[in-house]
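*Asks:* Quick one, structure for this:
(one chain, ligands or ions: 1)
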Amino acid sequence: MNWLIAVSISCCCSLLFLRWLLRRKRFNISGKTILITGASSGLGEALARRLFNKQCQLILLARRMDRLENLCQELVQLHPSYPKPKTIQIDLSNFEQITSCSSLNNILQHDSIDCLINNAGISQRSSVLDTSIDIVNDIFRLNYLSLVTLTKLVLTKIIERKQKNATIVNISSLQGLIAVPDRSSYAASKHAVQAFSDSLRMELKEEYSEQNINVCVVSPSYIRTELGQQAFSRMNKDEKSGDDNISKGYEADYVAERIIKAIEYRENDVVIAPFVQYLAIWLRRLWPTGYFRMMVARNKRLKAKK
Ligand SMILES: NC(=O)c1ccc[n+]([C@@H]2O[C@H](COP(=O)([O-])OP(=O)(O)OC[C@H]3O[C@@H](n4cnc5c(N)ncnc54)[C@H](OP(=O)(O)O)[C@@H]3O)[C@@H](O)[C@H]2O)c1
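*Replies:* A predicted model of the protein is given here:
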């Protein structure tokens, strides 16, 4: 009898899942105006390349202007008739200056942003005791406070213009769901991004439901980018030692493709991780002590290998 109940429940679940899959509406992103922060390398650059191929009008932000310019030149040479990306040199960690940045304000005045991708971020590689409060401050200024500032700025315009179907994408991390040793401030900043996005999503649904603005949080596992090297150099550690996890991570292009799909299908929460890491998220929720023991043992193993 029990097996009959179990089979009936799984059939119902499968049918509901199938119905949800078939009824999912796809929004075409081609030709939309998209602002990407941290577009000079890694995931931001991969997103820019893919979205340019969809003929989107890109607005690319970062500090390294030479890298942004090279990327633009390369893209324009590839498809001269597609909209030429616009670039803005800005230090987002100086978040108080975001609202007074004239080139950004000029663009926000004239272009309707259909999608904001808050991607710029920095990480750390040090224990709580070894991390100076200045580094904690820098991480929070860029990973959280600049994201909130830019979101408020863009969202105000979206609401003023009564724009429909806009999307805010916040790039968090798997470490926004589960913390690991030596990443305390990075993980805390990404947990803050997750909470901010969840609150914002509910507020927009409640107050501006007719505009159908989506908030999507993306929590990827390791991606092969410069993030680890940047963290090492900030901590004055040996850059050449690299980061084993990052070097074994996903290709930025793969993650970018998955994010674009999430924008098109208006997903809320996207976790991009191998199956064992999904299990770790559940283990943390259901049996925290077990998760902590497992992570301490893993960290000891990793340190012993070095
Ligand atoms: N790599 C991973 O394993 C991984 C995993 C999960 C989540 N993520 C997240 O993915 C996002 C992208 O990181 P990534 O892996 O692509 O690393 P990345 O290659 O180091 O890219 C970081 C980007 O952020 C920009 N940036 C850094 N500081 C900035 C500042 N003060 N002002 C403006 N822009 C700044 C950098 O540009 P400039 O230096 O030119 O300013 C760069 O374009 C981050 O939010 C990261 O937390 C990464």
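
*Asks:* For residue 169, give me its contacts.
*Replies:* Counting by CB atoms under 8 Å, 6 or more residues apart in numbering, residue 169 makes contact with 115, 116, 117, 118, 119, 216, 218, 259, 262, 263. Where C-beta positions appear, they are placed from N, C-alpha and C, glycine not excepted.

*Asks:* go with 10 Å
*Replies:* Under the criterion of CB atoms under 10 Å, 6 or more residues apart in numbering, the neighbours of residue 169 are 34, 36, 47, 115-119, 197, 214-218, 259-260, 262-263, 267, 270.

*Asks:* Selection in ChimeraX covering whichever of the residues you listed are buried, please.
*Replies:* Buried subset of the contacts of residue 169, written as a ChimeraX selection, criterion 16 or more other CB atoms under 10 Å:
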select :34,36,47,115,116,117,118,119,197,214,215,216,217,218,259,260,262,263,267,270
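
*Asks:* Near the ligand, list only the ones from the contacts of residue 169.
*Replies:* When CB under 6 Å from any ligand atom is taken as the criterion, the members of these that contact the ligand are residue 119.

*Asks:* ok, and the closest non-adjacent residue to residue 157?
*Replies:* Sequence neighbours aside, residue 108 is the residue nearest to residue 157 in space, at 5.4 Å (criterion: CB to CB, 6 or more residues apart in numbering).

*Asks:* got a list of what the closest residue to residue 53 other than its chain neighbours touches?
*Replies:* Counting by CB to CB, 6+ apart, residue 79 is the residue found nearest to residue 53 once chain neighbours are left out, at 7.5 Å. Residue 79 makes contact with 52, 53, 55, according to CB under 10 Å, 6+ apart.

*Asks:* wait, the second one sits on residue 75?
*Replies:* Yes. With contact defined as CB atoms under 10 Å, residue 53 counts as touching residue 75 (8.7 Å).

*Asks:* between the two, which one's more packed in?
*Replies:* When neighbours are counted by other CB atoms under 10 Å, residue 75 comes out ahead of the other of residue 53 and residue 75, with 20 against 13.

*Asks:* can you tell me the helix or strand for the more buried one?
*Replies:* Counting by DSSP states H and E, the element that carries residue 75 is helix 65-78.

*Asks:* May I see the buried residues of that helix?
*Replies:* By neighbour count, with 16+ other CB under 10 Å as the criterion, the buried positions of helix 65-78 are 67, 68, 71, 72, 75.

*Asks:* Can you pull out the residues in contact with that helix?
*Replies:* Applying CB under 10 Å, 6+ apart, the set of residues contacting helix 65-78 from outside is 39-41, 44-45, 48-49, 51-53, 58, 60-62, 64, 82-90.

*Asks:* Quick check: neighbours shared by residue 53 and residue 75?
*Replies:* Shared contacts of residue 53 and residue 75 (CB under 10 Å, 6+ apart): residue 82.

*Asks:* Quick one: the strands in this structure, in order.
*Replies:* All strands of the chain, identified by DSSP state E, fall at 33-37, 57-62, 86-89, 115-118, 167-171, 214-220, 269-272.

*Asks:* Just give the number of residues close to residue 52.
*Replies:* 24.

*Asks:* And it, how far from the ligand?
*Replies:* Per CB to the nearest ligand atom, to the nearest Å, residue 52 is found 16 Å from the ligand.

*Asks:* Need the nearest residue in space to that residue, chain neighbours excluded.
*Replies:* Distances taken as CB to CB, 6+ apart put residue 75 closest to residue 52, at 4.8 Å, once the chain neighbours are dropped.
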